[in-house]
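>>> Here's a sequence, model it:
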Amino acid sequence: MGLLCAACVSLLAWLWLTFAQGMFWRTDVRLPPRSAPGRWPSVAIVVPARDEAEVLPRSLPSLIAQDYPGEAEVFLVDDGSADGTGDLARRLAREHPGLPLTVTSPGDPPPGWTGKLWALRHGIALARTAHATEPEYLLLTDADIAHEPDSLRELVSAATSADLDLVSQMARLRAVSLWERLVVPAFVYFFAQLYPFRRINRPAGRTTAAAGGCVLLRTEVAVRAGIPDSIRQAVIDDVSLARAVRRSGGRIWLGLAERVDSVRPYPGLGDLWRMVSRSAYAQLRHQPLLLAGTVAGLVLVYLVPPAALLAGLAAGHAATAWAGGLAWLLMAGTYLPILRYYRQPAALAPLLPLTALLYLLMTVDSAVQHYRGRGAAWKGRTYARPSDA
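Alright, predicted model coming up:
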C-alpha cells in the first residue's frame, strides 16, 4: 500500500511537471525573432580563463574570427593559470588574425571574491577604459565555449530587436563519451526543470536564470546592477547575474544554443562528478533541510516509478505497476526532446532514473565535501559559503 501511494504521488508530480511547469521539456526556445540593427553597437568580449590550455585552441580562434559588422574586441583575463594559458592565447592571436585580442591578469582574487568573478571584474573594467568610448555591450563567455562566426552578430541582433538587456544561450555541451551521453543531456534537462525558459523570458517573470558560458549584457545595465561586484561571492554566478540584472529593471532572455558549443571534455564519470558536485550544495544555499527535501524529491519523482512498476509486476499489484509505469513513461517522454537536441538515441530515455540517482549521489557528495571544508572547489581553489566568506 505504501508503494502504491508513493507511485500515485509520483504520477501526479509527473502530470504537473509535464503540463504545468512551463513546458520545460520543450527544446524550441531559441534566439527570438531578430533583424540587423541600423547601427551595429560596439562589443567587448570578456573571457575569464584559468588553466585552459587544453581547450583554448578550439575556442579562442572562434572568438577572434567573429564576423561582426561593428566594433568588437576580445579581452582574455588569465586568472593565475599555471599551464601557459596567457602565452598560448597571444600565440593563437598571432596565428589567427581577426578581432584584436588583449591578454591581461588581475592576480589572485581578494577574500570574498570567486576567481571567475574577480577575472570578469578586471576584464570589464579594462574593456570600459580601453578606448575613449566604452563598449555598449559585453559578451561574457567561458574559455571552453566555441562560437560559430555569426554568433556575436546573431546575439546582438536578438538583443537590439527585442530590446533585451541580457541575452544568454545555454551552450551545447559535449556528449561523446559513454558517461557524457548518460549525464550531460540530463544536466540541461534538470536545469530547465528548475528554471523553465519560457517563464524566465516573460517580461514580468519571477523565474530568473542565465547560462554563464554565453551572456550578452548591455554595459549600461551591468553598471546599474553593480555587476560583478554585487555578486562577487556567488559560486553559481550565472543565476546570480541574471537576478541582479532583473532586480535592476533589466529584461532578460535565456534559451538553447544552436551554434554555440562547449568543447570541454568530460570523458569519465569522475570528471562529470566534480563538475556537478562542486556547486550542487551551493545551489541549495548550503541548507541541510533543502538537501533532505531534494533527496526525498529525487527519490519520489525519479526512483519510485521504476521501482513501483517492477515491484507491482512481480507481486501482481496492477494498480502499483500502472501508476509507476505511467509516471516512468511521462518521465521518459519529456526527456526525449533534449536527447534529440543532443543527437542521442531514444534508448537513453528510460535510463533517466539511473542518471537521477547519480545526480542524487553527486548532490550528497557536494554537501559532504562542503562540511569537510572542500566544498565548491575548482581548479585549486575552495570557496566558503557567502555568509562565511
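
>>> Tell me how many other residues surround Arg285.
12 (other CB atoms under 10 Å). Any C-beta I mention is one placed from the backbone N, CA and C, and that applies to glycine too.

>>> what are the ranges of the helices in the stretch 251-389 of the chain?
For the stretch 251-389 of the chain, the helices defined by DSSP state H, counting those that start in this stretch occupy 269-283, 288-298, 304-315, 318-341, 352-371.

>>> Which helix or which strand is home to Arg121?
helix 115-129 (DSSP states H and E).

>>> which other helices and strands contact the helix or strand following that helix?
Next along the chain after helix 115-129, taking DSSP H and E as the criterion, comes strand 137-141. Contacts defined by 3 or more CB pairs under 8 Å, 6 or more residues apart in numbering; DSSP states H and E place strand 137-141 against strand 43-49, helix 115-129, helix 151-162, strand 214-218, helix 219-224.

>>> now the angle between helix 151-162 and strand 137-141, please.
Per axes from the mean of the first three to the mean of the last three CA atoms, to 10 degrees, the angle that strand 137-141 makes with helix 151-162 is 130 degrees.

>>> Strand 137-141: partners in the sheet, and parallel or antiparallel?
strand 43-49 (parallel), strand 214-218 (antiparallel) (DSSP bridges).

>>> what does that strand contact?
The contact list for strand 137-141 (CB atoms under 8 Å, 6 or more residues apart in numbering) reads 41-47, 63, 120, 124, 127, 147, 152, 155-156, 159, 212-219, 222.

>>> What of stretch 185-200?
So stretch 185-200 is contacted by 17, 21-25, 29, 170, 173, 175, 205-209, 239, 242, 252-256, 276, 334-335, 338-339, 341-342, 344, 348, 352, 355-356, 359 (CB under 8 Å, 6+ apart).

>>> can you do 6 Å?
21-22, 24, 29, 205, 207, 209, 254-255, 335, 338-339, 342, 344, 355 (CB atoms under 6 Å, 6 or more residues apart in numbering).

>>> quick one: contacts for Leu291?
284, 367.

>>> How is the residue nearest to Val47 when sequence neighbours are not counted assigned, secondary-structure-wise?
Leaving aside its chain neighbours, Val47 sits nearest to Leu76 (4.6 Å; criterion: CB to CB, 6 or more residues apart in numbering). The three-state label given to Leu76 by DSSP: H, G, I helix; E, B strand; the rest coil is strand.

>>> quick one: which two of the contacts of stretch 185-200 are the most distant?
Spatially, the most separated pair among those is Gly205 and Gln344, at 29.8 Å (CB to CB).

>>> any chance of the helices of the stretch 251-389 of the chain in CSV, plus mean pLDDT and distance to Arg247?
Formatted as CSV, the helices of the stretch 251-389 of the chain follow (pLDDT from 0 to 100; distance: least, CB to CB, whole Å):
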stretch, mean pLDDT, distance to Arg247
helix 269-283, 91, 19
helix 288-298, 96, 22
helix 304-315, 97, 38
helix 318-341, 98, 30
helix 352-371, 96, 27
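
>>> distance between the ends of stretch 339-352?
11 Å (CA to CA, to the nearest Å).

>>> centre of the chain versus it, how much separation?
Stretch 339-352 has its C-alpha centroid displaced from the chain centroid by 20 Å (CA atoms, centre = their mean, to the nearest Å).

>>> which parts of that stretch are buried?
By neighbour count on 16 or more other CB atoms under 10 Å, the buried set for stretch 339-352 is 339, 341-342, 344, 348-349, 352.

>>> Next: stretch 48-57.
Of the residues in stretch 48-57, those buried (16+ other CB under 10 Å) are 48-53, 55-57.

>>> what would the strands paired with strand 137-141 look like in a markdown table with mean pLDDT and distance to Ala93?
Formatted as a markdown table, these follow (pLDDT from 0 to 100; distance: least, CB to CB, whole Å):
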| stretch | mean pLDDT | distance to Ala93 |
| --- | --- | --- |
| strand 43-49 | 98 | 12 |
| strand 214-218 | 98 | 21 |
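
>>> Put together a markdown table for those, with distance to Ala292 on each row.
Below are the strands paired with strand 137-141 laid out as a markdown table (distance: least, CB to CB, whole Å):
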| stretch | distance to Ala292 |
| --- | --- |
| strand 43-49 | 34 |
| strand 214-218 | 33 |
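
>>> ok, Ser240 - contacts?
Contacts of Ser240 (CB under 6 Å, 6+ apart): 231, 234.

>>> swap in Ala356?
Per CB under 6 Å, 6+ apart, neighbours of Ala356: 298, 302.

>>> Need the outlier residue of this structure, farthest from its centre.
Gly316 (43.6 Å; CA atoms, centre = their mean).

>>> Next, that residue: phi, psi?
phi 70, psi 20 (degrees, to the nearest 10).

>>> Now stretch 169-176: average pLDDT?
When pLDDT is averaged over stretch 169-176, the result is 96.

>>> before we move on, the earlier item: mind giving me the PyMOL command for buried ones among the contacts of stretch 185-200?
To isolate the buried members of the contacts of stretch 185-200 in PyMOL, using 16+ other CB under 10 Å:
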select buried, resi 21+22+24+29+207+209+254+255+335+338+339+342+344+355
